[in-house]
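K.L.:
Quick one: sequence and predicted model below, then my questions.
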Amino acid sequence: MTSAALSSWLQALRVYTHPRVLGMLSLGFSAGLPLLLIMGTLSFWLREAGIDRTTIGHLSWIGLAYSFKWLWSPLVDRMSLPLLTRWLGRRRAWLLLSQITIAVALTGMALTDPVMNLTHLVFFALAVAFASATQDIALDAYRIEAVAAELQGAMAATYQAGYRVAMILASAGVLWIAAAVDVTADTYDHAPWRFAYLIMAASMVVGIISTFIIREPDVPYSRLISENEKIAQQAIATWHLHPRIGNLLVWLYGALIAPFRDFIMRHGRQALLILGLIAIYRISDVVMGVMSNPFYVDMGYSKEEVATISKVYGVIMTIVGAAIGGVLTVKIGIMRTLFLGAVLSAATNLLFVWLAGRGHDVSGLIFTISADNLSAGIASCAFIAYLSGLTNSAYSATQYALFSSVMLLLPKFIAGFSGQFVDAYGYENFFVATAILGLPVLILVWLAGQAKFTHSSK
């Protein structure tokens, strides 16, 4: 490598020294902690408690809360919270409220035994999901508003790093804690899981402290009043309504209609192509992920093995992949990195077919998890940067919530049937099917890249 090329790569790496980029580590931690506690780690807990795989698969629909967050994202974008908004600002007020709610709901999960009352556990898990989705809305808006577009790839990478560190705690940490205090290793006991989940609830203090430390983005509220809203205000004024009713209609238009109209107006006929790509980009990973922990249990891996290999070493590889993805978005562009991530995500699912044929093989698990998580890190970083670039700063929370909701809706729905598929056809066929699901993604990424090139050349 020439000195000029080396200097170019070092210059690309310097984006990670930006203060706001570094600050995304702790915020990413806050966002990453709840997810596995209501998804993967919960499925491990439920399987150990004797809950059948079909039920576990159906309970993955709890994650659909993330797919419908666009419904209340306009409130997070526009509605002020009494006292909190004046004290902390729009983004930090919603962050604090959601983080406290997550901590309380996790405490409720900890104190509920699924064998005795599965319904109550599901209720608390749903509360965690809705509060976590709300935190994501506010946090995504902060991330987009905090820095310029050229730093979004680096912001995505450090966000992913903090997110994945939290996932280590929410997965491996829980398994280690539960295993350490479990005195009945051969039979199910609720006490270890209760203790572990209480620790997770207390860990939300990291997010709460971070919310007090960060500053609101330097985006004045007046920027949220677009030309479309001014036109709506003028039109509604001709109806001669009571001023309060008129103001309410203008607010509703700006909060509910203007963000989606803005997206369609800016992208035109390409809007459907973009939404189609968003809807299926992560489909192979999301569908496969629901059955990964039951797969580890059924293959005879212990909590300690899963914690060490899948939840720690694997997450570290995801962080490495995200860092690589952040640099690649700077060097080769977002669309090429997006395509590379899609290829790797689908291909590495086939490694689980090989692993299923080997049974309990620790070395095989290390290799499979390393490759799968490295590809997931690259894909996630590129995808977050791509979504961030699609938003208008006037509607950052609402539009990004729409994109991330579309991203999860179809994959989460299909994933709900994953347990039934495994029961009927086995793990090997399931993993092959998830790899095949990723093939249409390659076509849509190519088409979106061509459309972007055509649009930019005009």
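P.N.:
Structure's in. What do you need?

K.L.:
gap between the helix or strand encompassing residue 252 and the chain center?
P.N.:
Element membership for residue 252, per DSSP states H and E: helix 243-252. Distance of helix 243-252 from the chain centroid (Cα atoms, centre = their mean, to the nearest Å) equals 34 Å.

K.L.:
And the helices in the stretch 251-400 of the chain?
P.N.:
Here the stretch 251-400 of the chain has its helices, by DSSP state H, counting those that start in this stretch, at 258-267, 270-280, 283-290, 292-298, 303-305, 314-331, 334-356, 362-390, 396-415.

K.L.:
Show me what the third one is packed up against.
P.N.:
Pointing back at helix 283-290 there. Identification of packing neighbours for helix 283-290 by 3 or more Cβ pairs under 8 Å, 6 or more residues apart in numbering; DSSP states H and E yields helix 40-48, helix 334-356, helix 396-415, helix 418-437. Bear in mind the C-beta positions are built from the backbone N, C-alpha and C, glycine included.

K.L.:
could you redo the last one with a cut-off of 10 Å?
P.N.:
Helix 283-290 sits against helix 40-48, helix 53-59, helix 334-356, helix 362-390, helix 396-415, helix 418-437, helix 439-457, with contacts defined as 3 or more Cβ pairs under 10 Å, 6 or more residues apart in numbering; DSSP states H and E.

K.L.:
quick one: average pLDDT of the first one?
P.N.:
To tie it back to what came earlier, the one meant is helix 40-48. Per-region confidence: helix 40-48 scores 85 on mean pLDDT.

K.L.:
Give me the angle between that helix and helix 283-290.
P.N.:
Interaxial angle, helix 40-48 versus helix 283-290 (axes from the mean of the first three to the mean of the last three Cα atoms, to 10 degrees): 40 degrees.

K.L.:
hang on, the earlier thing: would you tell me which of the helices of the stretch 251-400 of the chain gets closest to residue 235?
P.N.:
Comparison of the helices of the stretch 251-400 of the chain against residue 235 by Cβ to Cβ identifies helix 258-267 as nearest, at 12.8 Å.

K.L.:
Isn't residue 173 up against residue 200?
P.N.:
Yes - the pair residue 173 / residue 200 is scored as a contact, 7.7 Å apart, by Cβ atoms under 10 Å.

K.L.:
Could you export the helices and strands packed on helix 283-290 to CSV, including columns for mean neighbour count and distance to residue 205?
P.N.:
Listed next are the helices and strands packed on helix 283-290 as CSV, based on neighbours: other Cβ atoms under 10 Å; distance: least, Cβ to Cβ, whole Å:
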stretch, mean neighbour count, distance to residue 205
helix 40-48, 24, 19
helix 53-59, 19, 28
helix 334-356, 21, 33
helix 362-390, 23, 26
helix 396-415, 23, 24
helix 418-437, 18, 34
helix 439-457, 15, 38
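
K.L.:
Switch the ones you listed over to CSV; also include distance to residue 215.
P.N.:
Converted to CSV, the helices and strands packed on helix 283-290 look like this (distance: least, Cβ to Cβ, whole Å):
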stretch, distance to residue 215
helix 40-48, 33
helix 53-59, 39
helix 334-356, 27
helix 362-390, 19
helix 396-415, 16
helix 418-437, 42
helix 439-457, 33
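
K.L.:
So which of these is nearest residue 302?
P.N.:
Using Cβ to Cβ, the nearest of these to residue 302 is helix 362-390, at 10.1 Å.

K.L.:
quick revisit: summarise which helices and strands the helix holding residue 252 is packed against.
P.N.:
helix 73-78, helix 227-237.
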